[in-house]
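**Student:** Here you go, sequence then predicted model.
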Amino acid sequence: MTTEPVKGFKDYIGDEAKKRAEIKKILVETFEKYGFEPAETPVIEAEEFVRGENANDEAVSDIYKLEDKGKRKLALRYEFTFQLKRLMQNKKLPYKRYQLGEVFRDEPVSSNRFRQFVQSDVDIIGSTIKDDAEILALTSEVLNKLGIKFKIYIGNRALLNEILEELGIKSAQNQILREIDKLDKLPETEIKSNLKKYKAENFVNILKKPEKYFEKYKNYKDVSELKKFCKYYRIDFVFQPSLVRGLSYYNKNVFEIKTHESKSNSEKIQIKETIVGGGSYIFNGIQSTGISFGLDRLSSLAKIDYEKEKYLIISLDKDKEAITLANELREKNKIVNLFYGKPSKALEYANSYKFSKVIFVGEKEIKSKKFMVKDMETGKEKQEVFHSSFKNAERKKAR
RNA sequence: GCGGUUGUAGUAUAAUGGCAGUACGUGCGGUUGUGGUCCGCAAAACGGGAGUUCGAUUCUCCUCUUCCGCCCCA
């Protein structure tokens, strides 16, 4: 019997787990600040529902499939958006919801891609360009709080279609867009040669033109309007006409947020993947917009302080008083652990779990009604008086 | 999924066709109320399966896993 996690899955413990918990907290706080309401949905759904109506065959192979005892054909969710079909029923628009949770994809793994990962989505069902800007503002706020330097790139799917039409390209549009999307990764010449077989090399030349050139297209107004509203939010973006992001899904503005930083531990590994991505799409005939954060990538880039001030109360055979003191500190929202044992063990324990403060509760302290709070970094002890609980304790004794 | 690559205690490593060692960490003790020392003791590993062999952690094959690249990524 093996205790190893299966391929593509992993445990998060210790510092990594702490950091992830802190990031989740920041995400939730920020989403709620922008008026999104939470949702929790099942991990398992009917396979048919997960697959969707117009998903192609490739996508189906990435879904984890399972069957219950009733022989129902089921699958693990690989994202959240399809479940919105159910959530949005009978909702007044715009409906704004956020969701954090695990999604599963049976696809190739690499050092920062797993088969189970935590995704956090915010979506607005029933949206306009103004909501696109709102979502970008929320995104900037999250990334700033996490200390991640980033750049927002905006593309527009309708604009790309308009250009394809102008060029008279009707066939293989999806393959062409897929090639175009690689423009920021691969050299231009390679893309052009790939596009030769579709006679679409000229597409690349157009996309290389300065932003002003695109003003003549009617769909450019989505970009210019977004720009206007982003100014109100004091955020900036780069118009990148070659940005495609996926195939069938998005219909207007698409967002991609990238960083040029390397991983936090200064290894020279550049994160190639986008950290945040989203865009506007049509959902049940309703114009909507949304964005999705990958927790794993945020976690490897975030520069946040996740170590909290923690107290270790050491009971030297004075359990009742130690617990009374713990109660008092916890009422003040301090993080408190109790330890029953010898001082030297207690201090070693405090070191190994990074407690910042230690309080001994013994005969001496109880008699003098004075507790010393020991700072584990400096080693110095400072006297602090904890009135209330000991008055209470005495009162109880007196009765 | 394809091609290459990897696998020894929790972690990092060593050696060997014949009892698998070391370090850190963990547990217990040496300390009757003060740590990041020191000392002692202990638990703990050859990814799994088959084959060759008197005997395989070591050689062969299969499988799983790791990492890298490719394909793909709603």
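**Tutor:** Perfect, thanks for sending it. Bear in mind that the values here come from a model prediction, so they are computed numbers and not experimental data.
**Student:** burial of A:Tyr213, as a residue count?
**Tutor:** 13 (other Cβ atoms under 10 Å). No exception for glycine: its C-beta is placed from N, CA and C like everyone else's.
**Student:** Equivalent analysis for the one 3 residues further on, please.
**Tutor:** Counted with other Cβ under 10 Å, residues neighbouring A:Lys216 total 8.
**Student:** got the residue ranges for the helices in the stretch 101-250 of chain A?
**Tutor:** Per DSSP state H, counting those that start in this stretch, the stretch 101-250 of chain A carries helices over the ranges A:129-145, A:157-166, A:173-180, A:188-196, A:201-207, A:220-232.
**Student:** Roughly how far does the one residue in the stretch 201-350 of chain A that gets nearest to RNA strand B sit from A:Gly126?
**Tutor:** Proximity of the stretch 201-350 of chain A to RNA strand B (Cβ to the nearest atom of the strand) peaks at A:Gly246, 2.1 Å away. Separation of A:Gly246 from A:Gly126 (Cβ to Cβ, to the nearest Å): 22 Å.
**Student:** Can you pick out the residue with more neighbours from these two?
**Tutor:** A:Gly126 (17 against 14).
**Student:** Return the residues in contact with the more buried one.
**Tutor:** A:Leu93, A:Pro94, A:Tyr95, A:Ile286, A:Gln287, A:Ser288 (Cβ atoms under 8 Å, 6 or more residues apart in numbering).
**Student:** Phi, psi for it please.
**Tutor:** When read as degrees, to the nearest 10, the backbone of A:Gly126 gives phi 90, psi 70.
**Student:** which residue packs closest to it, ignoring adjacent ones?
**Tutor:** Excluding the flanking residues, the one nearest A:Gly126 by Cβ to Cβ, 6 or more residues apart in numbering is A:Leu93, at 3.1 Å.
**Student:** ok, the one you found - contacts?
**Tutor:** A:Ile125, A:Gly126, A:Ile286.
**Student:** And A:Gly52, by the same measure?
**Tutor:** A:Phe82.
**Student:** same check, this time on A:Ile180
**Tutor:** A:Leu160, A:Ile191, A:Phe203, A:Val204, A:Leu207, A:Ser242, A:Val244.
**Student:** One more: A:Lys19?
**Tutor:** Going by Cβ under 8 Å, 6+ apart, A:Lys19 touches A:Ser299, A:Ala302, A:Ile304, A:Tyr306.
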